[in-house]
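> After the sequence you'll find the predicted model.
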Amino acid sequence: MQNLTFPSSLCKLIIKYLALHSVTHHNFLFFFFFVSKGNSELSTAVNITWSSINFKTILQWQPVPTNYVYTVKISGINSNWEKVCVHTKETECDVTDKLQKVKDTYTAHIVSEMLSGTEKFEEPPYAISPKFTPYNQTTIGTPGIQTYELTDSKLKVLVEDPLTPYRFPNKSFKSIREIFQNDLEYTLYYWKDRSTGKKEATTKSNQFEISIDKGENYCFFVQATILSRRENRKSQESKVKCTSDQIDGLAGTYLVKQVNRLFVFLAVSCIPTKKKFSFSV
């Protein structure tokens, strides 16, 4: 018969049980079968991944549990273990609030547990996640273009920082600039409307002012870069904007104003000048 190896905690429990209850060889086999069957019902998590955009971080894994649940424990190098998503049947957990020390490196334990309370013979099995450092690994989302203006031979663009889930004491959301500070840089890619040759400009602020050919329309988009990173350095690209759209918009606004003025003039012209009107409320 092949020798079996058990965890020391289980061996001590078996010996104690035998001594207290004078378990016969026959009953011992039943007891061993019960414990082994109970442990075999617990599967540990696999395919554990971190999904993070602008520091909003979700931990995901497989498989979907059947007759058991998961509890997630998470800790950084410089922080204690904390539980989150306790006794969940889901296979994902929002851990954003536990990662506020964004430069710390975190590890998660995904614990498989029975809800019945019978699995108390040893520590429940768990799977260990890959390490995750939010500052280095979160994906930077799409920056916005707050305003843009074409005047003579200058193009001015104001970039809007993506927001994070983290808040200031006044409850307003922090932007990625508040976290990355001088480590954040924006690049503006621009080209003449209906042409393919791109140029670029960079800034560590949120504003661009570049010289362009007078009388020409331009299209452009912006992208963020985290300078200290070796991987995952670039953000998603913003939507493309064109100054011709701005001009069309200004022309449309001007046309609406002129139409409104025309209707006011016609309305005034329709009022008889020799009659007095009285209005009652």
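Received it, and whenever you're ready, just let me know what you need.
> surely residue 185 meets residue 228?
No - the criterion here is CB atoms under 8 Å, and residue 185 misses it with residue 228 at 10.6 Å. (Glycine included, C-beta is placed from N, CA and C.)
> more neighbours, the two?
residue 185 (16 against 12; other CB atoms under 10 Å).
> Which residue is the nearest non-sequential neighbour of that one?
Nearest non-adjacent residue to residue 185, counting by CB to CB, 6 or more residues apart in numbering: residue 225, 4.8 Å away.
> name the element that neighbour belongs to?
Per DSSP states H and E, residue 225 falls inside strand 218-226.
> Who are the packing partners of that strand?
Counting contacts by 3 or more CB pairs under 8 Å, 6 or more residues apart in numbering; DSSP states H and E, strand 218-226 packs against strand 144-151, strand 154-160, strand 184-192, strand 241-242.
> and with 6 Å instead?
Strand 218-226 is packed against strand 184-192, with contacts defined by 3 or more CB pairs under 6 Å, 6 or more residues apart in numbering; DSSP states H and E.
> hang on, the earlier thing: with residue 179 as the reference, measure out to the residue nearest to residue 185.
Counting by CB to CB, to the nearest Å, the gap between residue 225 and residue 179 amounts to 15 Å.
> got it, and residue 146?
If you measure residue 146 against residue 179 using CB to CB, the figure is 19 Å.
> Comparing these two, which residue is more hemmed in?
The neighbour comparison of residue 146 against residue 179 (other CB under 10 Å) goes to residue 179, with 19 against 12.
> did I read that right, that one in a strand?
No - read with DSSP: H, G, I helix; E, B strand; the rest coil, residue 179 is helix and lies in no strand.
> Could you number the chain from 19 rather than 1 from now on?
From this message on, residue numbering opens at 19, which makes the last subject residue 197.
> how far away is it from residue 146?
Counting by CB to CB - residue 197 and residue 146 are separated by 27 Å.
> check contacts around residue 220.
In this structure, residue 220 makes contact with 203, 205, judged by CB atoms under 6 Å, 6 or more residues apart in numbering.
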